[in-house]
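A.B. asks: prediction below, plus the sequence it came from.
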Amino acid sequence: MRSRSAFDSAVTALAPVVWGSTYLVTTQMLPPDRPLLAAAVRALPGGLILTAMGRTLPRGRWLWRALVLGALNIGVFFYLLFLAAYHLPGGVASLVGSIQPVFVLLLSVLLLKDTIRGRQVAACLLGLFGVGLLVLGPKAGLDTVGVFAGMGGAACMATGIVLTKRWGRPPGVGLLTFTGWQLAVGGLLITPVALLAEPLPTHLTWTNAAGFGYLSLVGALLAYAVWFRGIERLPAVTVSLLGFASPLTATLLGYLFLDQKLTLLQGTGAVAVVSAVLLTQRLPRWRDRRNRPRRPEERAPEPVAPVSVAAVPSATPVGVAQLRAQEGVG
């Protein structure tokens with residue numbers, strides 16, 4: 001069971017690892033100052049593809065549930081994410097967004113009736129500390145719009161995680177179709193606003209096209225399918241803490257592709273982030289190991305009840321007669 005949980009955590013962590021590349025792709029490959037366009041193109045194509053493949057549309061109460069989840073997990077969140085990415089350095093945007101596990105922790109108590117555990121609080125604080133060491137430096141720029149956008153995005157996604165955990169999936173609807181609903185709804189919410197609020201680019205380069213394609217197919221379609229799978233199988237707080245992999249990835253990509261330097265403090269922050277994630281994993285306890293079922297070769301022989309000598313008939317003629325009498329033999 002615990003090895004299965006570790007596997008699910010590792011698979012789910014692939015989503016925030018991919019999302020950690022969003023900051024690099026946004027600033028290096030997309031047209032400048034187009035957060036709404038970037039959010040719409042990221043969500044809508046993949047959502048329409050998955051919904052068409054599933055051939056199922058939301059019905060009944062899932063009409064408004066899909067609308068709420070699509071807005072929280074995709075539509076509003078994407079816009080705020082890209083707005084923060086345009087107004088803040090990538091690492092700082094990650095730091096602001098890393099407040100999300102704290103929101104999830106509080107919402108899990110209110111909506112899922114979960115109990116706050118000490119190690120969950122410790123993991124949140126350790127993760128925040130680690131992200132701070134990763135991304136903050138003497139040249140870290142803070143912008144009011146970017147900070148509020150990052151915090152708003154964190155609150156949206158935290159609420160989306162907890163509600164997705166609470167509502168689950170409708171019966172008979174596959175994971176990819178469920179993912180497609182939310183991406184399509186989110187994209188449809190953003191697209192009209194993008195067309196009204198932002199001018200379309202006068203031209204697109206092949207680099208722009210590659211960036212949009214990566215964000216749509218990898219950053220949304222594949223990553224969100226993995227993410228929603230993790231929400232179904234893992235505790236909500238554990239899933240949210242896996243999001244710390246995003247700023248860690250953003251920092252490493254900045255080092256590899258943007259000539260950003262890694263300091264000893266950033267290395268310490270990386271260790272703290274990884275430790276925070278591991279702290280939430282369900283590791284076997286000493287008591288669990290003591291109480292686990294033993295293998296057949298480890299089991300001690302069962303004690304044999306003592307037998308009274310007087311109760312065993314002797315081999316004498318009198319004893320044989322007693323035995324015959326007990327067996328009903330004349």
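C.D. replies: Right, received. Where do you want to start?
A.B. asks: I'd say residue 47 and residue 181 touch.
C.D. replies: Yes. If you go by CB atoms under 8 Å, residue 47 and residue 181 touch, sitting 7.4 Å apart. Bear in mind the C-beta positions are built from the backbone N, C-alpha and C, glycine included.
A.B. asks: where does pLDDT dip in this protein?
C.D. replies: In the prediction, the chain carries residues with pLDDT under 70 at positions 1-2, 89-95, 135-143, 280-330.
A.B. asks: so which residue is smack in the middle of it?
C.D. replies: Note on the chain: the residue nearest the mean C-alpha position is residue 239, at 3.1 Å, using CA atoms, centre = their mean.
A.B. asks: test my guess that that residue contacts residue 230.
C.D. replies: Yes. Taking contacts as CB under 8 Å, residue 239 lies within contact range of residue 230: 5.2 Å.
A.B. asks: where's residue 28, which helix or strand?
C.D. replies: Taking DSSP states H and E as the criterion, residue 28 maps to helix 22-29.
A.B. asks: which residues are contacting that helix?
C.D. replies: Outside helix 22-29, the residues that touch it by CB atoms under 8 Å, 6 or more residues apart in numbering are 38, 81-82, 85-86, 90-91, 93-94, 207-208, 210-211, 214-215, 219, 250, 253-254, 257-258.
A.B. asks: state the distance from the residue nearest to residue 39 when sequence neighbours are not counted to residue 160.
C.D. replies: Closest residue to residue 39 apart from its sequence neighbours, by CB to CB, 6 or more residues apart in numbering: residue 78 at 3.6 Å. Between residue 78 and residue 160 the computed distance is 11 Å (CB to CB, to the nearest Å).
A.B. asks: more neighbours, these two?
C.D. replies: A count of neighbours by other CB atoms under 10 Å puts residue 78 above the other of residue 78 and residue 160, at 29 against 23.
A.B. asks: would you mind listing the buried residues in the strand or helix carrying that one?
C.D. replies: Per DSSP H and E, residue 78 falls inside helix 76-87. By 16 or more other CB atoms under 10 Å, the buried positions in helix 76-87 come out as 76, 77, 78, 79, 80, 81, 82, 83, 84, 85, 86, 87.
A.B. asks: name the nearest of those residues relative to residue 21.
C.D. replies: Distances from residue 21 to these, taken as CB to CB, are shortest for residue 85 (11.4 Å).
A.B. asks: residues contacting that closest one?
C.D. replies: Going by CB under 8 Å, 6+ apart, the list of residues near residue 85 reads 22, 23, 26, 27, 35, 93.
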